[in-house]
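**Student:** Pasting the sequence and the predicted model now:
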Amino acid sequence: MAKKMAIIASKGTLDMAYPPFILASTAAALGFEVQVFFTFYGLQLLRKDLSSVMISPLANPAMPMPVPMPVVVQMLPGMESMATMMMKQKLKKHGVASLQELREVCIEAGVKFIACQMTVDLFEFDKSEFIDGVEWGGAAMFLGFAGETDICLFV
């Protein structure tokens, strides 16, 4: 019987988008049955267009910057866009797959993506904004699977 892994993806920033996709695709490649439950801001990762996924240097003290920046500088307009651009360049330079590529690998490997219906309703999202193949469900649906897993992670 295959091992099972459940992941809860609750954040939609660039730095928090990579862990659920990397872990899910790796587990699937190792033969795990994998489900990822996207809730609250994590739903951004299931949108057709991932261009709005950004990273913020503000309140992210572990973010390595080429030059140390005081908090007041991190708050300036344009810093989020600059930090996002720098991170994307770094990822590309080191051959790290893009979010779109990682998401596609997950889909091709059979990872099941579940969008939290309550969050979709709460934020009044239209289901047409999301990629094909997403399942819609609530916590009870996800917990039915998560309760039988070998590994369950909250990201």
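**Tutor:** Received, thanks. The model shown is predicted, which means the values in this text are computed figures rather than measured ones.
**Student:** CA only for contacts and neighbour counts going forward, please
**Tutor:** Noted.
**Student:** Report the central residue of this protein.
**Tutor:** Geometric centre of the chain, nearest residue: A17, 3.0 Å, by CA atoms, centre = their mean.
**Student:** After the helix or strand of the chain with the lowest mean pLDDT, which helix or strand is next? Please name it.
**Tutor:** Using mean pLDDT, DSSP states H and E, helix 71-74 stands out as the lowest-scoring helix or strand of the chain, at a mean of 58. Where DSSP states H and E defines the elements, the next helix or strand beyond helix 71-74 is helix 79-93.
**Student:** starting at the chain centroid, how far to that next one?
**Tutor:** Its chain's C-alpha centre and that of helix 79-93 lie 17 Å apart, by CA atoms, centre = their mean, to the nearest Å.
**Student:** Buried residues, that helix. List them.
**Tutor:** Residues of helix 79-93 classed as buried: 79-80, 83-84, 87-88 (neighbour count, 16 or more other CA atoms under 10 Å).
**Student:** pretty sure V36 contacts S10?
**Tutor:** No - between V36 and S10 there is no contact, the gap being 10.1 Å when judged by CA atoms under 8 Å.
**Student:** higher neighbour count, the two?
**Tutor:** Between V36 and S10, counted using other CA atoms under 10 Å, the more crowded position is V36 (24 against 20).
**Student:** quick one: contacts for the more buried one?
**Tutor:** V36 is in contact with 6-9, 20, 24, 111-114, counting by CA atoms under 8 Å, 6 or more residues apart in numbering.
**Student:** With pLDDT, secondary structure and neighbour count as extra columns, can I get the residues you listed in CSV?
**Tutor:** Converted to CSV, those look like this (pLDDT from 0 to 100; DSSP: H, G, I helix; E, B strand; the rest coil; neighbours: other CA atoms under 10 Å):
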residue, pLDDT, secondary structure, neighbour count
A6, 98, strand, 26
I7, 98, strand, 23
I8, 98, strand, 19
A9, 98, strand, 26
P20, 98, helix, 27
A24, 98, helix, 29
V111, 98, coil, 23
K112, 98, strand, 18
F113, 98, strand, 21
I114, 98, strand, 24
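**Student:** which of those lies closest to L153?
**Tutor:** L153 has its nearest neighbour among the contacts of V36 in I7, at 4.7 Å by CA to CA.
**Student:** Run through the bridge partners of the residue lying closest to V134 once chain neighbours are set aside.
**Tutor:** Nearest residue to V134, sequence neighbours excluded (CA to CA, 6 or more residues apart in numbering): F113, at 5.3 Å. Using DSSP bridges, the beta-bridge partners of F113 come out as V36.
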